[in-house]
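*Asks:* Return atomic coordinates for the entry below.
(chains A and B)
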Number of protein chains: 2
Amino acid sequence: MEERPMVKSHKLVVNNRKTSMVTGVLDVLAFDLNEILLETEQGMLMLKGSDMHVNRLSLEKGEVDLSGNIDSFAYSDVHVPGKQNDTFFSKLFR
Amino acid sequence: MEERPMVKSHKLVVNNRKTSMVTGVLDVLAFDLNEILLETEQGMLMLKGSDMHVNRLSLEKGEVDLSGNIDSFAYSDVHVPGKQNDTFFSKLFR
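*Replies:* Predicted coordinates:
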């Protein structure tokens, strides 16, 4: 699926719902205490939880380390389009 | 949350949205091609996707290996109760 020439593989690791390590990250599009939106090699990845923090971010390596109370992850293949109905997040994950 | 005497830690690993390894699994409550519901040391864990398969299951070790097109994960602290409104899944993840 991801046999692009220079793909860093995307990996997601979650330990005890408390910490998470993500590789293959292209960009961090948004984050606050409750939601973190990452652009990854495998599409958009939305993490939801509470008291979430980005502890380490290296876009050069494509790595993000997170901590917090992790509730869910959702991938989306949808690209952020120019449509104007609804909010940014509801468009991504409808 | 899970301070039982013999806790195995719960870890979730996803590679390129295609394969997943979960540890700290207490039970597999349900699975079909689109949804897998695991009881873990950290609560219920619902995986959604398509063409999903359980490739290896060892409840003795608390390990499950999955493959498929993985779309999302959601944890839930809700225990499966005796309430009778809605469906099983909607109760868990409302």
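*Asks:* Name the residue closest to the centre of chain A, please.
*Replies:* Nearest to the geometric centre of chain A sits A:L38, at 2.8 Å (C-alpha atoms, centre = their mean).
*Asks:* How confident was the prediction at the closest residue to that one other than its chain neighbours?
*Replies:* Once flanking residues are discounted, A:L38 sits nearest to A:L45: 4.6 Å by C-beta to C-beta, 6 or more residues apart in numbering or on different chains. All C-beta atoms are positioned from the backbone trio N, CA, C, and that covers glycine. A:L45 carries a pLDDT value of 96.
*Asks:* quick one: buried residues of whatever helix or strand A:L45 lives in?
*Replies:* Remark: A:L45 resides in strand A:43-58, with elements defined by DSSP states H and E. Residues A:43-49, A:52, A:57 are the ones in strand A:43-58 that count as buried (16 or more other C-beta atoms under 10 Å in any protein chain shown).
*Asks:* After that strand, which helix or strand is next?
*Replies:* As assigned by DSSP H and E, the chain's next helix or strand after strand A:43-58 is strand A:63-76.
*Asks:* Tell me if that next one is near chain B.
*Replies:* Yes: shown here: strand A:63-76 in contact with chain B (C-beta under 8 Å from any C-beta of the partner chain) through A:70-75.
*Asks:* ok so, going back, now, which of the buried residues of strand A:43-58 sits nearest B:S9?
*Replies:* Relative to B:S9, the closest of these is A:G49; by C-beta to C-beta it sits at 18.0 Å.
*Asks:* beta partners for the closest one?
*Replies:* Here A:G49 sits in beta bridges with A:I70, going by DSSP bridges.
*Asks:* ok, it to A:G24 distance?
*Replies:* 20 Å (C-beta to C-beta, to the nearest Å).
*Asks:* next one: A:Y75
*Replies:* 12 Å.
*Asks:* Now for these two: what residues contact both?
*Replies:* Residues touching both A:Y75 and A:G24 (C-beta atoms under 8 Å, 6 or more residues apart in numbering or on different chains): A:Q42.
*Asks:* contacting residues around the closest residue to A:D77 other than its chain neighbours?
*Replies:* Leaving aside its sequence neighbours, A:D77 sits nearest to A:G43 (C-beta to C-beta, 6+ apart; 4.8 Å). Contact analysis of A:G43 by C-beta under 8 Å, 6+ apart lists A:75-78, B:17.
*Asks:* Low-confidence bits of chain A, can you list those?
*Replies:* Along chain A, segments meeting pLDDT under 70 span A:1-8, A:78-94.
*Asks:* Flag every residue of it that's near chain B.
*Replies:* For chain A, the residues in contact with chain B (C-beta under 8 Å from any C-beta) are A:1-2, A:9-17, A:24, A:41-43, A:70-75.
*Asks:* Got a quick ChimeraX command for the buried subset of the residues you listed?
*Replies:* Here is the ChimeraX command that selects the buried residues among the residues of chain A next to chain B (16+ other C-beta under 10 Å):
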select /A:10,11,12,13,14,15,16,17,24,41,42,43,70,71,72,73,74,75
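*Asks:* No further queries at this time; thank you.
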